[in-house]
Every structure is written in C-alpha cells, then in structure tokens.
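A.B. asks: Got a sequence here, can you build the structure:
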Amino acid sequence: MTTIPGNLQEVHQRIERACEASQRPVASVTLLAVSKTFGPDAVVQAMAAGQRAFGENYVQEGVDKILALRASHPGADLQWHCIGPLQSNKTRLVATHFDWVQSVDRLKIAQRLSEQRPDGLPPLQVCLQVNVDGGAHKSGVTPAELPALALAVAALPRLRLRGLMCIPDPVPGFEAQKTVFVRCRGLFEQLNDQGFALDTLSMGMSDDMEAAISAGSTMVRVGRGIFGARPLSAEA
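C.D. replies: Numbers count the residues shown, from 1 in each chain. Next up is the predicted model:
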C-alpha cells in the first residue's frame, strides 16, 4: 500500500536521479507538492515527511486549506503557491493568503495583486505563465509578449518577479518533452540577459519532471505522484 510519505520519498529519488544525470546539484530543484482537491489531512501527512511548499489550483479551496492549516499547525511555516488560472474576482483572496502566484499572464491581474497585497505582508512572489508551445486555448502569455509583461510586472510595488512557469501539452518521449522545456529555458535566459534577476523556472510535473530538470527547471510541481489519483473538486 502506497503512502504519502512513501510517495514523497520516491519523488525525491526521481529528482536526485534526474539531477545526477544532468550534473546538477539536488538542491537546485525545489519540489512543490500540488495538493489541489486533497484535504488538510493529506497536507499534514506530507508535512510530517518534511514537505513545506504546497500548490493549489482552485483559489477558494486553497484559502480554506491555508486557514485550516494555520489554525491547526500555527508554527508549521508552510509556503503556499497559487498555480491555477486566476480571474479578477479572486485576486484579493490570493493577494491576502498566498505567498506565491505562478500563473500571472496578464498585466491587469498583476496590477490587482499589487494593489490588494496587504502592506503588512512580504512582497507576493510572482512567476509569469508562458504559453510556450502555442496552444490556442491555453493560459499563458505568448513568448512575443513576454518581455513587455515582465517589464511592467517587475515595476509593480508589493510584487517580486521571480521567474517563469509553463504547462506544455503532453508529448510522448523524453527528448520531445525536453525540447519544449528548453524553449522556456531560453526565454528565461533572454530575460536575465536583459537585466531581470530571475531565479525560478517552474517546469515539470509527475510525468515529465526528468525532462524538465534536464532542461533546467528549478521547481517541479507534483500532485498525483505524491497524493495519488485526485478526487473531484466542486470548484473545478
């Protein structure tokens, strides 16, 4: 019988092997446990195994979980990432409760997050989501529009632009997966060449993390590989 701590151990071993194959230090890749649709009990199990960074796709579900965990484990020092598509009517909740937002792809959303981030909190850490493989109905800024958006977001108060995030369509095979991730890595490097001090490249999930790490990912987002098959979410 698989357990969340056992699954976490297996995922860490996969990260270690991928880093070794790419001649990268293991510490250069952060694991984000995607806890969407799982309750606080699942997060507590992952916490017991040492996990501290968690990703949520659905804002209200995420806020409810954040508040529950802050009440039950006030000293846990968890880090919460919003990684799902973000609508204007949910920005205040995100700005108030989350530590990171990885799915910013419009200036309007970034402006609202900046305006609504409470003064007493640290800057909201932001990644720009890039539609790196050109899907017509996908979230994400286009590569052509990325530099202008990065420049505008970096200038906003109470936000700190940290890097890029992408969710490419599934493709079979390591090399095909890596090719898409290398494209995102190239955009990341271009921005840094232009003077942006970006340090986060959020790429790779349960089925393609090895290819993402080989391409330079600094953060992999793993849900199913840790928590198992997902129950349905009302907000989904």
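
A.B. asks: got the contact list for Asn192?
C.D. replies: Counting by Cβ atoms under 8 Å, 6 or more residues apart in numbering, Asn192 touches Leu198. Quick note: C-beta positions are derived from backbone N, CA and C, even for glycine.

A.B. asks: Just give me the longest helix of the chain.
C.D. replies: In the chain, assigned by DSSP state H, the helix with the most residues is helix 174-193.

A.B. asks: buried sites along the very next helix or strand once past it?
C.D. replies: The C-terminal neighbour of helix 174-193 among helices and strands, as given by DSSP states H and E, is strand 200-202. Buried residues in strand 200-202, counted by 16 or more other Cβ atoms under 10 Å: 200-202.

A.B. asks: I'd like the next helix or strand past the helix or strand Met47 falls within.
C.D. replies: Remark: Met47 resides in helix 40-48, with elements defined by DSSP H and E. As assigned by DSSP H and E, the chain's next helix or strand after helix 40-48 is strand 53-56.

A.B. asks: who does that following strand pair up with?
C.D. replies: strand 30-34 (parallel), strand 79-82 (parallel) (DSSP bridges).

A.B. asks: quick one on the thing from earlier: list the buried residues in the helix holding Met47.
C.D. replies: Residues of helix 40-48 classed as buried: 40, 42-43, 45-47 (neighbour count, 16+ other Cβ under 10 Å).

A.B. asks: Same list, those residues, but as JSON lines with distance to Val63 and pLDDT please.
C.D. replies: Below are the buried residues of helix 40-48 laid out as JSON lines (distance: Cβ to Cβ, whole Å; pLDDT from 0 to 100):
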{"residue": "Pro40", "distance to Val63": "12", "pLDDT": "96"}
{"residue": "Ala42", "distance to Val63": "17", "pLDDT": "96"}
{"residue": "Val43", "distance to Val63": "14", "pLDDT": "97"}
{"residue": "Gln45", "distance to Val63": "21", "pLDDT": "97"}
{"residue": "Ala46", "distance to Val63": "19", "pLDDT": "97"}
{"residue": "Met47", "distance to Val63": "18", "pLDDT": "97"}
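
A.B. asks: Which of these sits closest to Asp64?
C.D. replies: Asp64 lies nearest to Pro40 out of the buried residues of helix 40-48, by Cβ to Cβ, at 8.7 Å.

A.B. asks: Pull the contacting residues for the closest one.
C.D. replies: Counting by Cβ under 8 Å, 6+ apart, Pro40 makes contact with 65, 68-69, 72.

A.B. asks: residue boundaries of the helices in this structure?
C.D. replies: Using DSSP H, helices in the chain cover 4-21, 40-48, 59-72, 91-97, 107-116, 146-154, 174-193, 209-215, 224-227.

A.B. asks: The second one to helix 59-72, inter-axis angle?
C.D. replies: This points to helix 40-48. Orientation check (axes from the mean of the first three to the mean of the last three Cα atoms, to 10 degrees): helix 40-48 against helix 59-72 gives 60 degrees.

A.B. asks: starting at the chain centroid, how far to helix 40-48?
C.D. replies: Helix 40-48 sits 19 Å away from the centroid of its parent chain (Cα atoms, centre = their mean, to the nearest Å).
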